[in-house]
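Enquirer: could you work out the structure for the sequence below:
(one chain, ligands or ions: 2)
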Amino acid sequence: MKKTVRDIEVSGRTVIVRCDFNVPMQDGAITDDIRITSAMPTIKYLIEKGAKVILMSHLGRPEGTADMKYTLNPVAERLGQLLNKDICFISTPEVVNEEVKEKAGSLKAGEVMLLENVRFRKEETKNGTEFSKELAGLADIFVNDAFGTAHRAHSSTAGIADYLPAVSGFLIEKEVQFLGNAVENPERPFVAIMGGAKVGDKILVIENLLKKVDTLIIGGGMAYTFFKAKGYEIGTSILDAENVGLAAELLKKADSMGVKLLLPVDIKVAKEFANDSVAAYCDMDQIPAGMMGLDIGPKTQKLFAEEVRSAKTVVWNGPVGVFEMPNFAEGTIAVARALSECGGITVIGGGDSAAAVEQFGLADKMTHISTGGGASLEFLEGKILPGIACLQEK
Ligand SMILES: Nc1ncnc2c1ncn2[C@@H]1O[C@H](COP(=O)(O)OP(=O)(O)OP(=O)(O)O)[C@@H](O)[C@H]1O
Ligand SMILES: O=C(O)[C@H](O)COP(=O)(O)O
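Expert: Ligands and ions are numbered 1, 2, ... in the order given. Okay, here's the model as predicted:
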């Protein structure tokens with residue numbers, strides 16, 4: 001168990017907190033602030049305890065240049081609104097300069113400052129020692145609460161922990177508790193649903209989950225690679241050709257491990273990858289040539305929903321259809337609804353499935369929605385995340 005902000009004296013100390021404020025933006029405006037609101041419990045706790053708070057984050061991938069398209073200024077404004085206080089934000093390409101050092105040194109208890117995008121410095125993603133030291137030099141304590149970036153060993157997520165006492169914030173604590181418990185200590189039956197476009201991205205997750213689950217459901221684009229492995233015709237459906245062999249191995253593995261593996265039995269096919277394309281339902285082994293599967297069919301929706309409803313723990317990663325197009329969202333809606341009604345622990349592994357649950361208005365019916373995309377995948381793969389490994393043990 002990692003130490004958290006509760007386990008260290010913060011009052012009167014300067015605390016530097018790595019958050020993941022890598023929020024989606026359009027024309028300079030934040031389109032979804034869940035990653036900012038998720039960091040609030042830690043920030044508010046530190047303010048209440050009288051710490052001097054320095055926040056830092058990346059935004060996008062500016063690759064070591066101070067591209068103002070990626071400035072954290074909109075995040076500073078949103079933080080000010082959420083906390084109802086002035087946020088000191090000094091925008092400089094160096095991230096840390098004399099003015100920043102001076103301000104950090106003169107912060108009063110309960111005051112908050114935000115550094116500019118740490119990826120404006122090229123050393124950040126290389127975990128450069130000098131930059132880690134510069135960041136550490138601003139504070140007495142390092143708190144990591146950036147779960148979404150915990151799979152990166154960067155200066156602000158891991159390197160800095162070599163120079164300061166390092167503990168976790170409440171978001172990382174919560175993510176580890178829900179994702180970790182769901183996978184390591186699940187109430188059974190434990191069902192995992194994997195979807196999304198490519199098998200290649202999720203092979204390690206599937207391999208790891210096969211060791212833990214009672215049932216593995218595979219839907220979405222990746223199902224077609226499994227059907228190819230079974231020798232079916234898949235028309236023009238998305239295929240991860242490189243990984244057909246691996247899919248065949250995973251099918252064999254599930255069988256030998258006694259894991260129930262469910263694939264779609266019927267699907268909705270379309271002529272083109274477009275919402276208004278000509279579409280039809282067909283059984284899985286009847287995909288017409290020249291058509292592609294873009295959603296699961298009604299029999300499959302029922303099959304998957306029944307399995308989910310009888311589960312005590314469900315982990316879901318990846319949509320089972322192209323839910324961004326309303327005509328192919330039905331299957332993903334059916335799965336989301338089944339999760340919302342199952343009465344067990346439901347954990348959404350971030351990324352597109354989190355967006356889908358939000359879009360369907362079912363987010364508050366889930367036990368936990370991870371703020372991590374890549375980070376939650378690596379966590380589900382059973383990997384040790386460097387941004388968590390570097391924190392002090394209790
Ligand atoms: N049958 C299908 N054919 C083509 N694309 C599909 C199909 N089913 C789902 N998709 C697409 O897969 C995409 C999501 O795939 P991806 O592998 O990135 O999953 P993800 O949930 O975003 O993963 P993560 O949670 O790690 O971010 C969605 O945009 C969705 O439209
Ligand atoms: O959005 C994410 O997954 C995190 O913020 C990490 O971003 P990165 O993939 O650019 O490191």
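Enquirer: hey, where'd the strands end up in the stretch 1-150 of the chain?
Expert: 14-18, 25-26, 29-30, 52-56, 87-89, 112-114, 141-144 (DSSP state E, counting those that start in this stretch).
Enquirer: check the ones you listed for me: which has the lowest mean pLDDT.
Expert: Sorting the strands of the stretch 1-150 of the chain by mean pLDDT places strand 25-26 lowest, at a mean of 92.
Enquirer: does that one reach ligand 2?
Expert: No - applying Cβ under 6 Å from any ligand atom, one finds strand 25-26 separated from ligand 2 by no less than 12.2 Å. Yep, even glycine has a C-beta here, placed from its N, CA and C like the rest.
Enquirer: distance from the chain centre to that strand, please.
Expert: Remark: strand 25-26 is offset 18 Å from the chain centroid, using Cα atoms, centre = their mean, to the nearest Å.
Enquirer: how about stretch 37-48?
Expert: Worked out by Cα atoms, centre = their mean, stretch 37-48 lies 20 Å from the chain centre.
Enquirer: distance of P74 from F379?
Expert: 28 Å (Cβ to Cβ, to the nearest Å).
Enquirer: looking at the two, which one has more neighbours?
Expert: F379 (26 against 16; other Cβ atoms under 10 Å).
Enquirer: part of a strand, is the more buried one?
Expert: No - F379: not assigned to a strand; according to DSSP: H, G, I helix; E, B strand; the rest coil it is helix.
Enquirer: ok, it touching L385?
Expert: Yes - the criterion here is Cβ atoms under 8 Å, and F379 meets it with L385 at 6.4 Å.
Enquirer: ok, the residue in the stretch 151-300 of the chain that ligand 2 sits nearest to - how many residues close by?
Expert: Ligand 2 sits closest to R152 of the stretch 151-300 of the chain, with a gap of 5.1 Å, by Cβ to the nearest ligand atom. Using other Cβ under 10 Å, R152 has 21 other residues around it.
Enquirer: ok, now the one 10 residues further on?
Expert: Residues lying near D162 (other Cβ under 10 Å) number 14.
Enquirer: excluding chain neighbours, what is closest to it?
Expert: Closest residue in space to D162, ignoring its immediate chain neighbours: S132 at 6.6 Å, by Cβ to Cβ, 6 or more residues apart in numbering.
Enquirer: what's the separation between I333 and P326?
Expert: From I333 to P326 the distance is 10 Å (Cβ to Cβ).
Enquirer: more neighbours, these two?
Expert: Per other Cβ under 10 Å, whichever of I333 and P326 has more neighbours is I333, with 21 against 11.
Enquirer: quick check: closest non-adjacent residue to the more buried one.
Expert: The nearest residue in space to I333 (Cβ to Cβ, 6+ apart) is F360, at 5.6 Å.
Enquirer: Provide the secondary structure category for G231.
Expert: coil.
Enquirer: what's around it, how many residues?
Expert: 8.
Enquirer: pLDDT at it, what is it?
Expert: Value listed for G231 in the pLDDT field: 96.
Enquirer: for the one 4 residues further on, same thing?
Expert: Among the per-residue scores, G235 holds a pLDDT of 98.
Enquirer: go ahead and confirm it touches Q286.
Expert: No - G235 lies out of contact with Q286 (Cβ under 8 Å); the separation is 10.0 Å.
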